[in-house]
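K.L.:
this one's sequence-less:
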């Protein structure tokens, strides 16, 4: 029997890896779920919260990490700063 590939769900606050496009090879945080195919992502540096990127989910790989602090702020519609996003993503991009 063929083993099924376990897909990690992408949700608000998920740290994701871009596999396609100009931003391929970089990490981002999901800041909005548009629909079943698209999400909005930001990294707090090149792609700021004021202008997030709309990205197809199939072009992203979920790391399985979800930043609970960012997720809660997004759900409660609280202010999030680019510096917060950047400090989380910086650790991933430097690996």
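P.N.:
Done, it's in. Nothing here was measured: the structure is a model prediction, and the numbers come from that model. Residues are numbered from 1 along each chain as shown.

K.L.:
Kindly list the longest helix within the protein.
P.N.:
Assignment by DSSP state H gives helix 82-93 as the longest helix of the chain.

K.L.:
who's in contact with that one?
P.N.:
15, 17, 26-29, 31, 42-45, 48-50, 63, 67, 69-70 (CB atoms under 8 Å, 6 or more residues apart in numbering). C-betas here are computed from N, CA, C, even on glycine.

K.L.:
Among those residues, which ones are in strands?
P.N.:
Mapping the contacts of helix 82-93 onto strands (DSSP state E) picks out 15, 17, 27-29, 31, 42, 63.

K.L.:
Top of those by number of neighbours, please.
P.N.:
Using other CB atoms under 10 Å as the neighbour test, the ones in strands among the contacts of helix 82-93 are led by residue 29, with 30 neighbours.

K.L.:
List the buried residues of the longest helix of the chain.
P.N.:
Within helix 82-93, the residues that count as buried by 16 or more other CB atoms under 10 Å are 84-86, 88-89, 92.

K.L.:
for stretch 15-25, same thing?
P.N.:
With the criterion 16+ other CB under 10 Å, stretch 15-25 contains buried residues 15-18, 23.

K.L.:
And stretch 36-47, by the same measure?
P.N.:
So for stretch 36-47, counting by 16+ other CB under 10 Å, buried means 39-44, 47.

K.L.:
Residue 77: which of those is nearest?
P.N.:
residue 40 (14.7 Å; CB to CB).

K.L.:
Quickly find the element holding that closest one.
P.N.:
Element membership for residue 40 (DSSP states H and E) is strand 38-42.

K.L.:
in its sheet, what does the helix or strand following that strand sit against?
P.N.:
As assigned by DSSP H and E, the chain's next helix or strand after strand 38-42 is strand 53-56. Using DSSP bridges, strand 53-56 pairs in its sheet with strand 38-42 (antiparallel).

K.L.:
Mind listing residues that contact the strand it pairs with?
P.N.:
10, 16, 18, 28-34, 47-49, 52-57, 60, 82, 85.
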